[in-house]
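Novice: okay, predicted coordinates and the sequence, questions at the end:
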Amino acid sequence: MIRTLVSTAVLAAALSSPALAQDPTDAELQERARRVMQRTPLIDGHNDLPWALRQEHGSDPQAVDLTVNLDATTDLHTDIPRLRAGGVGGQFWSVYVPASLPPVEAAQATFEQIDVVRRLVAAHPDAFELAVTADDVVRIHRSGKIASLIGIEGGYSINDSLGLLRVFHALGVRYMTLTHSTTTTWADSATDAPKWGGLSPFGEAVVREMNRLGIMVDLSHVSEETMLDALRVSEVPVIFSHSSARGVTGHPRNVPDSVLRLLPEDGGVVMITFVPGFVAEDVRAWGSARSAEEARLKSLNPGSPSAVTEGVAAWVAANPPPRADIADVADHIDHVRRVAGIDHVGLGGDFDGVSALPDGLGGVETYPALIAELYRRGWTDADVRKLLGENVLRVMRAVEAVARDKRGDRPGLATND
């Protein structure tokens, strides 16, 4: 009898020991993430919903009911219920326009895109409120709304005019991506032939005026040389609103380790994007092979677009595309943390700006699943708070502080002659 009691006591103690305790379930980890998001705003650096509304819904935020989950009925990655489910507390809405537009048309389209954002916010005052400062973001998040910020994607939108840059700032723009897919008249792009070896003298003047105004310098899409020039010229930390790590996936749109190692001194933040070709090397390689096949078919079939289309379709059927997943994105987050440090990583999904997303990250509601993956890798709540929003809020406050100090400085008058 005594032996039985002792054995029972030993077994009970063993079962209750930490070594045999069950690991938390995915649902429990996601709930833990949501609790952290209630206190710390998740600030996403880049969402292209305004462009999706322009392309598919006549630039009318009320042409589609964003108050219901649209996952099953539209191609949109974003709506209010899914933003709530994802714990998004601050969203930089991208006012993207194509780099192929002539400069005057690009400027006009950028004004129209800003108008879309402002009408989006006005149409849903119970869900959104426009934010222009870090304190605005914190206050709006505490009120239960989603802080809505504006970022220009592509420096061609200012049409070589610092005066136009100032007007955009007055309308609420708080970051500008210096280039998009093509080299501008003052800055080299990561995905186009270089012209300036980074920033031209006028490009440096643009960065200085952004510092004076309080517009964050966004280095997504720019060449490594442009990154280095901007880091040299800017008096405030920079951001990468939607980029990943080149040390994990060798896409030119990603940030090389040589730049990541400079971020601790600069104070900047890389906001990891979810674009499959940027986060998974096999997806990137497949995309390059597809592009090469398309170029080959065009050379063989001049003047016959249908033959090219059919040939590409046949190639894709014979070579199905690989898939990225949550683990791939987490690998990039971990890499930036290892090379630059926990203070220099954030999130910038690029929802509604791409046609495909990693498995498990198909819409804005999936952020808790990503955070759950980081918890499984040993991240703490303090780490997660920095990733979600604390790092970006720190950059915003640094930019705002320098702009306050420069309030008495004369506006920049440089021209790109």
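Specialist: Yep, it's here.
Novice: how about low-confidence regions in this protein?
Specialist: Applying pLDDT under 70 to the chain picks out residues 1-21.
Novice: pick out the residue nearest the middle of it.
Specialist: Nearest to the geometric centre of the chain sits Gly348, at 2.2 Å (CA atoms, centre = their mean).
Novice: wait, what's in contact with that one?
Specialist: Neighbour list for Gly348: Asp44, Gly45, His46, Phe92, Ser220, Phe240, Ser241, His242, Ser243, Met271, Ile272, Thr273 [criterion: CB atoms under 8 Å, 6 or more residues apart in numbering]. In short, each C-beta sits where N, CA and C put it, glycine included.
Novice: neighbours around the first one, how many?
Specialist: Think Asp44. Neighbourhood size, Asp44 [other CB atoms under 10 Å]: 31.
Novice: quick check: it touching Gly353?
Specialist: No - between Asp44 and Gly353 there is no contact under CB atoms under 8 Å: 11.6 Å.
Novice: hang on, the earlier thing: which ones among the contacts of Gly348 map onto helices?
Specialist: Among the contacts of Gly348, DSSP state H puts none in helices.
Novice: okay if I get the residues you listed as CSV plus distance to Met37?
Specialist: As requested, the contacts of Gly348 are arranged in CSV below (distance: CB to CB, whole Å):
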residue, distance to Met37
Asp44, 12
Gly45, 16
His46, 18
Phe92, 17
Ser220, 24
Phe240, 22
Ser241, 20
His242, 20
Ser243, 23
Met271, 16
Ile272, 17
Thr273, 19
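Novice: any idea which of those is closest to Arg139?
Specialist: Proximity of the contacts of Gly348 to Arg139 (CB to CB) peaks at Phe92, which lies at 17.0 Å.
Novice: hmm, back to that, look up how far His242 lies from the residue nearest to the centre of the chain.
Specialist: According to CB to CB, to the nearest Å, Gly348 and His242 sit 4 Å apart.
Novice: joint contacts of these two?
Specialist: Common neighbours of Gly348 and His242 (CB under 8 Å, 6+ apart) are Gly45, His46, Ser220, Met271, Thr273.
Novice: how many residues are close by the second one?
Specialist: As a burial measure, His46 scores 29 neighbours (other CB under 10 Å).
Novice: tell me the secondary structure at Val104.
Specialist: helix (DSSP: H, G, I helix; E, B strand; the rest coil).
Novice: correct me, but it touches Asn159?
Specialist: Yes - assessed by CB under 8 Å, Val104 is found in contact with Asn159 at 6.2 Å.
Novice: for those two, indicate the residue with more neighbours.
Specialist: For Val104 and Asn159, the more surrounded residue by other CB under 10 Å is Asn159, and the numbers stand at 19 against 9.
Novice: could you list every residue that touches the more buried one?
Specialist: Contacts of Asn159 were listed using CB under 8 Å, 6+ apart, and they are Pro103, Val104, Ala106, Ala107.
Novice: Asp350 too?
Specialist: His46, Asn47, Asp48, His242, Thr273, Phe274, Val275.
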